[in-house]
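Asker: quick check, what structure comes out for this input:
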Amino acid sequence: ERMGEDLENDDSIELRSPAEIKNPGARKLSLYLFKMDRNPHMRNMPPTRLPAGESAERQRQIRRPPMVMDLLYMITAFTQDAVDELMLHEKLLTTFYDYPVLRNERLYNSLASTGNTFLRIIPIELPLDDQSKLWSSFTNTAFKLATFVMVTPVKIPSALPPRDYTPIREEGVAADVGRI
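Answerer: So this is what the prediction gives:
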(Lines give C-alpha, C1' and ligand atoms only; values in the text may rest on other atoms or scores of the structure.)
Protein backbone atom coordinates (compact mmCIF):
# COMPACT_ATOMS: atom_id res chain seq x y z
CA GLU A 1 0.00 0.00 0.00
CA ARG A 2 2.88 2.42 0.74
CA MET A 3 4.73 1.41 -2.42
CA GLY A 4 1.58 1.88 -4.49
CA GLU A 5 1.94 5.64 -4.24
CA ASP A 6 5.29 5.45 -6.02
CA LEU A 7 4.22 3.05 -8.76
CA GLU A 8 1.81 3.85 -11.55
CA ASN A 9 -0.55 0.85 -11.17
CA ASP A 10 -0.75 -2.80 -10.13
CA ASP A 11 0.93 -3.81 -13.40
CA SER A 12 4.05 -1.98 -12.20
CA ILE A 13 5.03 -4.97 -10.06
CA GLU A 14 5.90 -8.02 -12.14
CA LEU A 15 6.52 -11.53 -10.84
CA ARG A 16 9.30 -12.12 -13.36
CA SER A 17 13.06 -12.21 -13.53
CA PRO A 18 14.72 -8.92 -14.45
CA ALA A 19 15.57 -10.44 -17.85
CA GLU A 20 11.86 -10.93 -18.63
CA ILE A 21 10.78 -7.35 -17.89
CA LYS A 22 9.21 -5.76 -20.95
CA ASN A 23 9.72 -2.03 -21.40
CA PRO A 24 12.42 -1.70 -18.71
CA GLY A 25 12.31 2.11 -19.06
CA ALA A 26 8.86 2.22 -17.46
CA ARG A 27 8.62 2.57 -13.68
CA LYS A 28 8.45 -1.07 -12.53
CA LEU A 29 9.55 -3.49 -9.87
CA SER A 30 10.63 -7.03 -10.69
CA LEU A 31 9.74 -9.42 -7.86
CA TYR A 32 11.67 -12.59 -8.68
CA LEU A 33 11.48 -15.76 -6.57
CA PHE A 34 14.98 -17.19 -6.95
CA LYS A 35 15.14 -19.78 -4.17
CA MET A 36 12.86 -21.91 -1.98
CA ASP A 37 14.21 -23.64 1.13
CA ARG A 38 12.56 -25.81 3.75
CA ASN A 39 12.48 -23.87 7.01
CA PRO A 40 15.00 -25.71 9.23
CA HIS A 41 13.36 -24.56 12.49
CA MET A 42 9.88 -25.84 11.64
CA ARG A 43 10.74 -29.17 10.00
CA ASN A 44 9.52 -31.47 12.76
CA MET A 45 6.16 -30.00 13.61
CA PRO A 46 3.70 -32.48 15.13
CA PRO A 47 0.55 -33.48 13.28
CA THR A 48 -2.63 -31.52 14.00
CA ARG A 49 -5.46 -33.29 15.81
CA LEU A 50 -8.81 -32.67 14.21
CA PRO A 51 -11.85 -32.42 16.48
CA ALA A 52 -13.94 -35.57 16.80
CA GLY A 53 -17.07 -35.68 14.67
CA GLU A 54 -20.66 -35.64 15.81
CA SER A 55 -20.86 -39.42 16.25
CA ALA A 56 -19.14 -41.04 19.23
CA GLU A 57 -18.10 -44.03 17.09
CA ARG A 58 -16.03 -41.91 14.74
CA GLN A 59 -12.34 -42.30 15.37
CA ARG A 60 -10.24 -39.22 15.84
CA GLN A 61 -8.18 -37.97 12.95
CA ILE A 62 -4.87 -36.23 12.51
CA ARG A 63 -3.60 -34.13 9.64
CA ARG A 64 0.04 -34.10 8.56
CA PRO A 65 1.84 -30.89 9.46
CA PRO A 66 2.30 -28.38 6.67
CA MET A 67 5.58 -28.12 4.80
CA VAL A 68 7.10 -24.82 5.92
CA MET A 69 9.18 -22.90 3.40
CA ASP A 70 11.43 -19.84 3.29
CA LEU A 71 11.03 -17.95 0.00
CA LEU A 72 13.91 -15.78 -1.22
CA TYR A 73 13.09 -12.92 -3.55
CA MET A 74 15.19 -10.54 -5.58
CA ILE A 75 13.52 -7.15 -6.10
CA THR A 76 14.84 -4.90 -8.84
CA ALA A 77 13.65 -1.41 -9.74
CA PHE A 78 13.35 -0.28 -13.36
CA THR A 79 13.03 3.39 -14.27
CA GLN A 80 14.59 5.76 -16.76
CA ASP A 81 16.70 7.42 -14.08
CA ALA A 82 19.27 5.82 -11.70
CA VAL A 83 18.38 8.27 -8.90
CA ASP A 84 14.72 7.29 -9.24
CA GLU A 85 15.70 3.62 -8.93
CA LEU A 86 17.61 4.40 -5.72
CA MET A 87 14.56 6.21 -4.35
CA LEU A 88 12.34 3.22 -5.14
CA HIS A 89 14.76 0.89 -3.32
CA GLU A 90 14.83 3.29 -0.35
CA LYS A 91 11.02 3.32 -0.23
CA LEU A 92 10.97 -0.47 -0.50
CA LEU A 93 13.42 -0.94 2.39
CA THR A 94 11.54 1.62 4.51
CA THR A 95 8.28 -0.23 3.87
CA PHE A 96 9.83 -3.56 4.92
CA TYR A 97 11.29 -1.87 8.01
CA ASP A 98 7.96 -0.30 8.99
CA TYR A 99 5.89 -3.42 8.16
CA PRO A 100 8.14 -6.45 8.82
CA VAL A 101 5.18 -8.78 9.41
CA LEU A 102 2.15 -9.31 7.20
CA ARG A 103 -0.83 -10.42 9.27
CA ASN A 104 -4.27 -11.82 8.42
CA GLU A 105 -5.81 -8.75 6.80
CA ARG A 106 -2.74 -8.11 4.63
CA LEU A 107 -2.48 -11.69 3.34
CA TYR A 108 -4.17 -12.81 0.17
CA ASN A 109 -7.09 -15.18 0.76
CA SER A 110 -5.18 -18.15 -0.65
CA LEU A 111 -2.34 -17.64 1.86
CA ALA A 112 -4.69 -17.18 4.81
CA SER A 113 -6.84 -20.17 3.86
CA THR A 114 -3.81 -22.52 3.96
CA GLY A 115 -3.02 -21.77 7.60
CA ASN A 116 -0.71 -18.79 7.21
CA THR A 117 -1.67 -16.28 9.90
CA PHE A 118 1.43 -14.14 9.43
CA LEU A 119 4.49 -13.86 7.20
CA ARG A 120 7.76 -12.16 8.08
CA ILE A 121 9.61 -10.13 5.46
CA ILE A 122 13.30 -10.14 6.31
CA PRO A 123 15.83 -8.18 4.24
CA ILE A 124 18.88 -10.36 3.63
CA GLU A 125 22.41 -9.51 2.59
CA LEU A 126 23.36 -11.68 -0.34
CA PRO A 127 27.15 -11.70 -0.87
CA LEU A 128 28.28 -9.89 -4.02
CA ASP A 129 29.66 -13.13 -5.47
CA ASP A 130 26.24 -14.80 -5.11
CA GLN A 131 24.54 -11.75 -6.63
CA SER A 132 26.94 -11.88 -9.57
CA LYS A 133 26.20 -15.58 -10.12
CA LEU A 134 22.47 -14.89 -10.02
CA TRP A 135 22.74 -12.02 -12.50
CA SER A 136 24.93 -14.08 -14.83
CA SER A 137 22.04 -16.56 -15.17
CA PHE A 138 20.04 -13.83 -16.96
CA THR A 139 21.20 -13.57 -20.57
CA ASN A 140 21.77 -10.11 -22.02
CA THR A 141 20.83 -8.38 -18.75
CA ALA A 142 23.14 -5.88 -17.09
CA PHE A 143 23.84 -6.05 -13.35
CA LYS A 144 21.60 -3.67 -11.37
CA LEU A 145 21.05 -2.78 -7.77
CA ALA A 146 18.67 -5.27 -6.15
CA THR A 147 17.06 -5.77 -2.76
CA PHE A 148 16.93 -9.31 -1.40
CA VAL A 149 14.31 -10.48 1.07
CA MET A 150 13.20 -13.71 2.70
CA VAL A 151 9.48 -14.33 3.27
CA THR A 152 8.94 -16.83 6.07
CA PRO A 153 7.29 -19.04 7.35
CA VAL A 154 5.17 -19.96 4.33
CA LYS A 155 3.01 -22.97 5.22
CA ILE A 156 2.02 -25.34 2.42
CA PRO A 157 -0.57 -27.88 3.58
CA SER A 158 -0.22 -31.58 2.85
CA ALA A 159 -2.30 -32.91 -0.03
CA LEU A 160 -2.95 -36.16 1.86
CA PRO A 161 -6.33 -36.56 3.57
CA PRO A 162 -6.47 -36.72 7.39
CA ARG A 163 -5.92 -40.19 8.82
CA ASP A 164 -7.49 -41.99 11.75
CA TYR A 165 -5.59 -42.57 14.97
CA THR A 166 -6.35 -44.35 18.22
CA PRO A 167 -5.56 -42.36 21.36
CA ILE A 168 -3.49 -43.98 24.11
CA ARG A 169 -5.82 -45.33 26.75
CA GLU A 170 -3.32 -46.44 29.44
CA GLU A 171 -0.10 -44.95 30.67
CA GLY A 172 2.86 -46.97 31.77
CA VAL A 173 5.70 -49.09 30.51
CA ALA A 174 5.97 -52.82 31.06
CA ALA A 175 9.19 -54.79 30.92
CA ASP A 176 9.95 -58.47 31.42
CA VAL A 177 12.91 -58.29 33.81
CA GLY A 178 13.40 -62.07 33.69
CA ARG A 179 14.79 -61.83 30.17
CA ILE A 180 17.40 -59.16 30.83
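Asker: for residue 121, what are its contacts?
Answerer: The contact partners of residue 121, taken as C-beta atoms under 8 Å, 6 or more residues apart in numbering, are 96, 99-102, 149-151. (Glycine included, C-beta is placed from N, CA and C.)
Asker: make it 6 Å
Answerer: By C-beta atoms under 6 Å, 6 or more residues apart in numbering, residue 121 lies in contact with 96, 100, 149, 151.
Asker: just give me the closest of these to residue 110.
Answerer: Checking the contacts of residue 121 against residue 110 with C-beta to C-beta, the nearest one is residue 151 at 14.3 Å.
Asker: assign a three-state SS to the closest one, would you?
Answerer: Using DSSP: H, G, I helix; E, B strand; the rest coil, the structure places residue 151 in strand.
Asker: hmm, residue 72 and it touching each other?
Answerer: No. Counting by C-beta atoms under 6 Å, residue 151 stays clear of residue 72, with 8.0 Å between them.
Asker: would you list the buried entries among the contacts of residue 121?
Answerer: Buried residues within those, counting neighbours by 16 or more other C-beta atoms under 10 Å: 96, 149, 151.
Asker: any chance of CSV for these, columns distance to residue 142 and pLDDT?
Answerer: Listed next are these as CSV, based on distance: C-beta to C-beta, whole Å; pLDDT from 0 to 100:
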residue, distance to residue 142, pLDDT
96, 25, 91
149, 22, 95
151, 27, 94
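Asker: which one of those residues is nearest to residue 133?
Answerer: Minimum distance to residue 133 across the buried ones among the contacts of residue 121 is 18.3 Å, recorded for residue 149 (C-beta to C-beta).
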